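Colleague: Return atomic coordinates for the entry below.
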Amino acid sequence: MAERTSALTGYCRPGLYGQPGEPGVHLHEVPELLLHQIAAWPQTLGTVGAQVAQALGVPSAPDPGQVTTTTGGTILRVEPLKWWIHGAQAPKLTPADGIALDLSHSRTRLRVSGPEAQLCLNRLLPIDLRNDACPVGTVASTAMHHVGITVWHSKEGFELFLPRGFALSLGEVLLETALQFGVEVS
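Modeller: Predicted structure coming up:
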């Protein structure tokens, strides 16, 4: 398997930037991404959903926009006919049931956390990230600067899955926006 290299290597060194004092935003690239997309056909949705759930040892796969986290990995329902499995291997599917695709090298995962993370991201994303609209355990497909991204609200913060080819430019925009709150890059 090819060795994974960050799309952000050399861009920004760890440290504090922007406003002095306690940083309002923390940016952290989560390394070693293991991510698989599972797509079902409309007529096999139930069967494939059961296989996805069984692969991670849960009773059922999450509904659209929902996330199920286990000790073995996470299932994100990113679209009505698609799941992402994060941190675990994908189940084996027959072409008649659906298809599994390894997305590990096609995405960069950035965690945005801190007391001002939601406000910072709401300046860049056209979705409501307030807790009543986007509670922990939800996922949404959206766009940042006309680039499709996926946002997962985890216990640790907002996990952004950025297309690798746009990760550097989106990272620059995110850092520029976060500077006004004070930002810690790790």
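Colleague: Can you check the pLDDT for Ala2?
Modeller: We have a pLDDT of 65 for Ala2.
Colleague: ok, now the one 3 residues further on?
Modeller: We note a pLDDT of 79 for Thr5 in this prediction.
Colleague: Tell me if it really is in a helix.
Modeller: No. Using DSSP: H, G, I helix; E, B strand; the rest coil, the assignment for Thr5 is coil, not a helix.
Colleague: how does the chain divide into domains?
Modeller: 24-32+105-185, 35-102 (automatic domain parsing).
Colleague: What segments of this structure are strands?
Modeller: For the chain, applying DSSP state E gives strands covering 15-17, 25-30, 35-40, 67-70, 73-79, 82-86, 98-102, 107-113, 138-144, 147-154, 157-163, 183-185.
Colleague: any idea which of those strands is most buried?
Modeller: strand 82-86 (a mean of 24; mean count of other CB atoms under 10 Å). The C-beta positions use only the backbone N, C-alpha and C, and glycine is treated the same way.
Colleague: need the domains of the chain in CSV with mean pLDDT, can you?
Modeller: Shown next, in CSV, are the domains of the chain (pLDDT from 0 to 100):
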stretch, mean pLDDT
domain 24-32+105-185, 96
domain 35-102, 96
